[in-house]
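Novice: build me a structure from this.
(2 chains)
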Amino acid sequence: MRVSVLRQQHPGSDPYWETFEYDGPDHNSVAGVLDYLNYHDDIVDTEGRRTTRIGWECSCLQGICGACAMVINGRPALACETFIRDLKGPEIRIQPLRKFPVIHDLVTDRSSIHENLKQANVSIGEYRPSAKTDHAHHYAVAKCLKCGLCLEVCPNYVNGRTFFGAAFANDCYLVASRNRSKTAEIRTLYAEHFGKDCSKSLSCMEICPMKIQTLASIARLNRGKL
Amino acid sequence: MKHVLIIGSGISGMACAVRCAEQGIHVTLASPFPSERSQSVMAAGGINAVLSGDSQGDSVDSHIQDTLRGGCRLGGVRAVTGLCENGERILRQLEGIGTVFSVDPQGRLLRRAFGGQSYKRTCYCGASTGKQIVSALVMEVRRYEAQGLIRRRLWCCFHSALIREGVCYGALLFDEAFGGLDAVCADAVVIATGGQNALFGKTTGSTQCDGYAAGKLFMQGAELKNLEFIQYHPTTLETAQKRMLITEAARGEGGRLFCRKNGRTVYFMEEKYGPGGNLQTRDVISREIDALGDSVFLDVSFLGKSVIDNRLSELRDLCAKYGGIDVYREPIPVRPSVHFFMGGLAVHLNHETNIRNLFAVGECASMYHGANRLGGNSLLAALYSGNVAADAIAGREGRQTAPPDFSAETEREKQLLGQDRDTQSRFPVMYIRDLLAETMQKNLGIVRNEAHLTQGLKDIDYYLSIAGRIHYDSSVMPYFNYSLTAILTLARATMACALSRRESRGAHWRSDYPETEEAYQSATVMAYDGGKYSVRLDKERAYES
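Specialist: This is a model prediction of the structure:
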């Protein structure tokens, strides 16, 4: 099987495609494919030319840390839970996330997610829940990986300078609903950096590896019913 | 203004950072990744605490006794007492910052049974307790970031500590952002880098936890303790890239272990240990499975859809995704795997190492768990140890004089790094890491003996002898290359600790010394001086009391 990877040696250098032949196990995930290409033997492209090892991030390898987010056959996904058997076509095409600066190959700088939350000081501080809390939704929202997949697919998210995207909206929901004294302040921030520009394509919900129902967070923040 | 450098931003690092910031101390929180990528998010089952007004008759003393008994009397009474006495305070603090615990309709914390414990005292958040605590702590850290008290430094890996005459003054960090070394001075350095999973290759843990910091600090004079006590979790699922943890919560909720003999289903743990058989301590169950030699399964199907969906949904999804197993209908094939390290950097009660102003917290420090850790005590220890170290630092005068000049050492390390970077070699350091993992898995398993341990030492000595002479592929992150020797050194120390303990206790089981010996009821302490390893038993309990 052919595996094409969009590579980039350094931040700012030109990206280029490189193609590899994968002859490893067919039950592997894309994370397994990258590991196999890197360390099964010397790494060479399909023409037999030696090349450098492919840079990518991983930690848990079980879909709960978000490190290995990338674009696989045009669809943003976590490499550790995308299996070869589920991919269509004779080739796997892997690119880094496109909404974040590339550091090296498939490694991107997603620190803007955290910077935006920090800048807006989205924090619970003290647990003072509203009278009727939706525990199940809180639990789901707090599982957000900050992987960036929701921002990658969002038609409204560009570079995170003004519109902060679903990861921000969900953290806003968690704060507003778990500390009622912050509800008004957080709703203002939410409106400024999410509410006024979200076109509700809801692609964020479809792509989320944790299946977070962002629409529920949005609806409650919009209505002020937390 | 006092300044603390914390290396590692999982639960113990964040707990320490928050507690420092609460006391007005400035913190640099350095890690290669954001906290969401830390191994802490993988802690599943829960956190132990005895809550006041407990109607089951549980008590803090019972938690202390269970922890000491589970640790086969190697855990120190004072340390364990502090841990258990602070359980409720820590739980209430986590609630107070908004952690999404599983609660009853009245909002009271739910608890489940865990192995080796006399009462149901494990509070939990579904089966993603670590992740939920990380999410709450990230927000709390963010609050202090906004106040300018905590500063996160991402893309930073530990390189070495700045030590002069037994005192730590800061650390050299490898900063991937500019690809070089940066000397950071601080009044205290706290190591919170997790366990040494990478020594064993495929484990239940994160690929990021490799033990490098402990190994490097050992080479710089810090002592290590109890390295031979390695917890094999009895229930993990084999997959192509790792061993997936099947949380103890599955058995806490009633799940049953069985094997098949002559077409008959045998609940081997219940047959041998009675109705509580499935909740024996992890060392006992792992050893029983190892001795069986047969395929073992964990059945949760009979618990019903409601229990599985409400309390074990993460386990259900993980089995379906990575094993193609429908837990509503099928049992889960399980096998023990390396999961947790009771040993690590030797620390005093205040979590300071033998090097002044150098602290260690969380799994990289050896303190509370003795020869075997109880499930639910690791999250508690991560949080508590972070608090203890922060309080010790807060109670101490900040440095009044300028730190010594480390520019010559820094320059030398920069040159060494530059030499590594200039090589044209394509040989990957991972090949040696893979060989090491094979050696460790083969020779430091659930049951050990002198022949295997001696062979393991011989193998590692060989890897160490060639490690410094090979040029490694410079196209990978420099961290992977400069970390190898310290990782091998830690592995060698681990093997030597296991060889020196000629008895069986907790997670350290020797087929050639099957009895628990009174003479060994002390921690193993390992020191390093210029290539010389020396091991001793801490009979005076200098490190843990």
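Novice: in chain A, which spans are helices?
Specialist: Using DSSP state H, the helices of chain A run over A:30-39, A:111-119, A:135-141, A:149-153, A:166-178, A:183-190, A:203-207, A:214-223.
Novice: and the last one, does that touch chain B?
Specialist: What that stands for is helix A:214-223. No: Helix A:214-223 stays clear of chain B (C-beta under 8 Å from any C-beta of the partner chain), getting no nearer than 13.9 Å. Where you see a C-beta, it was placed from the backbone N, CA and C, and this is true even at glycine.
Novice: what helices or strands is that helix leaning on?
Specialist: In this structure, helix A:214-223 makes packing contacts with helix A:135-141, helix A:166-178, helix A:183-190, helix A:203-207, judged by 3 or more C-beta pairs under 8 Å, 6 or more residues apart in numbering or on different chains; DSSP states H and E.
Novice: quick revisit: just put the helices of chain A in CSV and tack on mean pLDDT.
Specialist: Listed next are these as CSV, based on pLDDT from 0 to 100:
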stretch, mean pLDDT
helix A:30-39, 96
helix A:111-119, 95
helix A:135-141, 96
helix A:149-153, 98
helix A:166-178, 97
helix A:183-190, 95
helix A:203-207, 97
helix A:214-223, 96
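Novice: what residues are up against the most centrally placed residue in chain B?
Specialist: The residue lying closest to the centre of chain B (C-alpha atoms, centre = their mean) is B:E363, at 3.1 Å. Applying C-beta atoms under 8 Å, 6 or more residues apart in numbering or on different chains to B:E363 gives the contacts B:S12, B:Q39, B:G194, B:G195, B:C209, B:F340, B:F341, B:G344, B:S378, B:A382.
Novice: confirm it sits in a helix?
Specialist: Yes: assessed by DSSP: H, G, I helix; E, B strand; the rest coil, B:E363 belongs to a helix.
Novice: per-residue confidence for it?
Specialist: Looking at B:E363, its pLDDT reads 98.
Novice: residue ranges for the helices of the stretch 351-500 of chain B, please.
Specialist: Taking DSSP state H, counting those that start in this stretch, the helices of the stretch 351-500 of chain B run over residues B:377-394, B:407-422, B:429-443, B:450-467, B:478-482, B:484-500.
Novice: would you turn those helices into a markdown table with mean pLDDT?
Specialist: Formatted as a markdown table, these follow (pLDDT from 0 to 100):
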| stretch | mean pLDDT |
| --- | --- |
| helix B:377-394 | 98 |
| helix B:407-422 | 93 |
| helix B:429-443 | 97 |
| helix B:450-467 | 98 |
| helix B:478-482 | 95 |
| helix B:484-500 | 98 |
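Novice: quick one, which of the ones you listed is nearest to B:Y232?
Specialist: helix B:429-443 (10.8 Å; C-beta to C-beta).
Novice: buried stuff in that closest one?
Specialist: Neighbour counts using 16 or more other C-beta atoms under 10 Å in any protein chain shown place B:V429, B:M430, B:I432, B:R433, B:L435, B:L436, B:A437, B:T439, B:M440, B:Q441, B:N443 of helix B:429-443 among the buried residues.
Novice: dump those residues to JSON lines, plus distance to chain A.
Specialist: Formatted as JSON lines, the buried residues of helix B:429-443 follow (distance: C-beta to the nearest C-beta, whole Å):
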{"residue": "B:V429", "distance to chain A": "10"}
{"residue": "B:M430", "distance to chain A": "5"}
{"residue": "B:I432", "distance to chain A": "11"}
{"residue": "B:R433", "distance to chain A": "9"}
{"residue": "B:L435", "distance to chain A": "12"}
{"residue": "B:L436", "distance to chain A": "14"}
{"residue": "B:A437", "distance to chain A": "12"}
{"residue": "B:T439", "distance to chain A": "18"}
{"residue": "B:M440", "distance to chain A": "18"}
{"residue": "B:Q441", "distance to chain A": "17"}
{"residue": "B:N443", "distance to chain A": "23"}
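Novice: between which two of the residues you listed is the distance greatest?
Specialist: Farthest pair in the buried residues of helix B:429-443, by C-beta to C-beta: B:V429 and B:N443, 21.2 Å.
Novice: up against chain A, what does the stretch 151-300 of chain B have?
Specialist: Near chain A, when you scan the stretch 151-300 of chain B using C-beta under 8 Å from any C-beta, you find B:R152, B:L154, B:E176, B:S206, B:T207, B:Q208, B:A240, B:Q241, B:K242, B:M244.
Novice: from the residues you listed, which ones fall inside helices?
Specialist: Among these, no member falls in helices (DSSP H).
Novice: now the stretch 401-545 of chain B against chain A: closest residue?
Specialist: Distances between the stretch 401-545 of chain B and chain A by C-beta to the nearest C-beta are smallest at B:S475, namely 3.6 Å.
Novice: quick one: contacts for that residue?
Specialist: A:T52, A:R53, B:R426.
Novice: kindly recompute the last result at 10 Å.
Specialist: A:Q9, A:I43, A:T51, A:T52, A:R53, A:I54, A:G55, A:H104, B:R421, B:S425, B:R426, B:P428 (C-beta atoms under 10 Å, 6 or more residues apart in numbering or on different chains).
Novice: I'd like those laid out as TSV, including distance to A:Y190.
Specialist: Formatted as TSV, those follow (distance: C-beta to C-beta, whole Å):
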residue	distance to A:Y190
A:Q9	39
A:I43	46
A:T51	46
A:T52	43
A:R53	42
A:I54	38
A:G55	35
A:H104	34
B:R421	46
B:S425	52
B:R426	51
B:P428	47
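Novice: any of those buried? List them.
Specialist: Buried among the contacts of B:S475 by 16+ other C-beta under 10 Å: A:I43, A:T51, A:T52, A:R53, A:I54, A:G55, A:H104, B:R426, B:P428.
Novice: quick one: those as a markdown table, columns for distance to B:E397 too.
Specialist: A markdown table is the format used below for the buried ones among the contacts of B:S475 (distance: C-beta to C-beta, whole Å):
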| residue | distance to B:E397 |
| --- | --- |
| A:I43 | 54 |
| A:T51 | 55 |
| A:T52 | 50 |
| A:R53 | 48 |
| A:I54 | 50 |
| A:G55 | 45 |
| A:H104 | 43 |
| B:R426 | 52 |
| B:P428 | 47 |
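Novice: pLDDT wise, what is the most far-flung residue of chain A relative to its centre at?
Specialist: Here chain A reaches farthest from its C-alpha mean at A:G48, the gap being 33.4 Å by C-alpha atoms, centre = their mean. For A:G48, the pLDDT comes out at 94.
Novice: so how far is B:G254 from the residue nearest to the centre of chain B?
Specialist: Distance, B:E363 to B:G254, by C-beta to C-beta, to the nearest Å: 29 Å.
Novice: same check on B:Y513?
Specialist: Remark: distance between B:Y513 and B:G254 (C-beta to C-beta) = 37 Å.
Novice: now do B:Q23
Specialist: Counting by C-beta to C-beta, the separation of B:Q23 from B:G254 is 44 Å.
Novice: tell me the domain boundaries of chain B?
Specialist: B:1-229+B:342-545, B:236-337 (automatic domain parsing).
Novice: tell me which of the ones you listed is the most buried.
Specialist: Ranked by mean neighbour count, those are led by domain B:1-229+B:342-545 with a mean of 21 (mean count of other C-beta atoms under 10 Å in any protein chain shown).
Novice: what sits against residue 41?
Specialist: With no chain named, the answer covers chain A. A:D23.
Novice: actually chain B
Specialist: B:V41 touches A:59-60, A:64-66, A:143, A:145, B:10-11, B:35, B:128-135, B:206, counting by C-beta under 10 Å, 6+ apart.
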